[in-house]
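> no sequence for this one, just the structure:
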Ligand code: MG
């Protein structure tokens, strides 16, 4: 009888344990940014035990399921802009380790998100490294770019599903990279793009994972490979994810429940998003103008609002007056100018 009870109890514990986090959930912190508080973030993954700090132990401590910065660590991160910390832990009884990059909060406080980088006023190619660099130079709070996957599963940055007349999914990266971008750059890989973005601390990287017509499995693989690369590089503090494919975003959230995610398609109300714990929405401006109550509903639920792609002064003003924290635009210079001059807008 005792044995049966024990087996039932163990079975229940196993089921309960699995229910807290999906087996696929990666080991992730709830936050990677130091904003003046010693508490940095909790580890999210119910299957983890015995966490220990094994690097920079003067700077970091682990207590009560949370990562803390010591006084010395707080001073160091202010000076160095970022610190890394290596944690060891048991994941389902197996020893593992992971390195996290923690940033001092220097991200710009403005709503300017450069759409495909900044490429218009100083002409260059959309989604190029140069366009990202120009968005960084302008001081945009974010720079958006689009991610596709090649036939050999390389992630590349390009807007269309075709590159120089070739369907990206039908060719290998080597085949595609024979053709240069119009500005002479190589077709950027997502790795190169993220690495460039991580050279600075003011501009967030808004990663749009493009849908695919090759089926749900390929879509899920795009999501997985993108999130895994962000984690491998330690880019979590910089990265926001957006997509028109709701299932891609659900996959991102499953892998990394702390990920900053915004849905693009505009066909779900904040009430519907709330049911899936979707933390943000980034809709076409006409959707918000037709459904103004969605703006107040999203704010009420604490969702992060973003809007695309707003390029004229009148519409930019509309969204500034509505208090949007993010506005995606091909005209970042114009939006900065409005922020400086408009008496209506308090930033
Ligand atoms: Mg895009």
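Structure's in. What do you need? Small disclaimer: the values here were computed from a predicted structure and weren't measured.
> going forward, measure contacts and count neighbours with C-alpha atoms only.
Will do.
> Which segments of this protein make up each domain?
Domain assignment for the chain by automatic domain parsing gives 28-104, 112-341.
> The residue nearest the centre of the chain bridge partners, please.
The centroid of the chain falls nearest to residue 240 when counting by CA atoms, centre = their mean (2.0 Å). Beta-bridge partners for residue 240, by DSSP bridges, are residue 206, residue 260.
> Would you confirm that it contacts residue 194?
No: assessed by CA atoms under 8 Å, residue 240 is found out of contact with residue 194, at 11.7 Å.
> which residues do these two both contact?
Residues touching both residue 240 and residue 194 (CA atoms under 8 Å, 6 or more residues apart in numbering): residue 205.
> ok, now which ones touch the residue nearest to the centre of the chain?
So residue 240 contacts 204-207, 259-262 (CA under 8 Å, 6+ apart).
> Roughly how far does it sit from residue 271?
22 Å (CA to CA, to the nearest Å).
> try residue 27
29 Å.
> do the same with residue 327
22 Å.
> out of the two, which sits in the more crowded spot?
residue 327 (28 against 14; other CA atoms under 10 Å).
> show me the contacts for that one.
Per CA under 8 Å, 6+ apart, neighbours of residue 327: 111-113, 306-310, 316, 319.
> change it to 10 Å
Residues counted as contacts of residue 327 (CA atoms under 10 Å, 6 or more residues apart in numbering) are 110-115, 141-142, 282, 285, 305-311, 316, 319-320, 335.
> ok, now which ones touch the spatially closest residue to residue 247 that is not a sequence neighbour?
Nearest in space to residue 247, with sequence neighbours left out and distances taken as CA to CA, 6 or more residues apart in numbering, is residue 220 at 7.7 Å. Neighbouring residues of residue 220 by CA under 10 Å, 6+ apart: 211-212, 226, 247-252.
> Can you list which of those residues are found in helices?
226, 247-252 (DSSP state H).
> So which of the residues you listed is the closest to residue 190?
For these, the closest approach to residue 190 (CA to CA) belongs to residue 226, at 8.1 Å.
> Let me know the next secondary structure element after the worst-scoring helix or strand of the chain on mean pLDDT.
The weakest-scoring helix or strand in the chain, judged by mean pLDDT, DSSP states H and E, is helix 2-20 (a mean of 46). Sequence order places strand 28-29 as the next helix or strand after helix 2-20, per DSSP states H and E.
> Okay, now the sheet partners of that following strand, with direction.
Strand 28-29 pairs in its sheet with strand 39-44 (antiparallel), by DSSP bridges.
> Next, the angle from the helix or strand following the partner strand to strand 39-44.
Downstream of strand 39-44, the first helix or strand assigned by DSSP H and E is strand 48-53. Calculated by axes from the mean of the first three to the mean of the last three CA atoms, to 10 degrees, strand 48-53 forms an angle of 150 degrees with strand 39-44.
> gap between stretch 244-255 and the chain center?
12 Å (CA atoms, centre = their mean, to the nearest Å).
> which parts of that stretch are buried?
For stretch 244-255, the neighbour count (16 or more other CA atoms under 10 Å) marks 244-246, 248-255 as buried.
> now the helices: where do they sit in the chain?
2-20, 71-80, 129-138, 173-176, 190-197, 216-233, 246-255, 270-275, 285-290, 292-300, 313-321, 332-341.
> Where among these is average confidence lowest?
Of all those, mean pLDDT reaches its minimum on helix 2-20 (a mean of 46).
> Of the domains of the chain, which is nearest residue 22?
Proximity to residue 22 (CA to CA) singles out domain 112-341 among the domains of the chain, at 7.0 Å.
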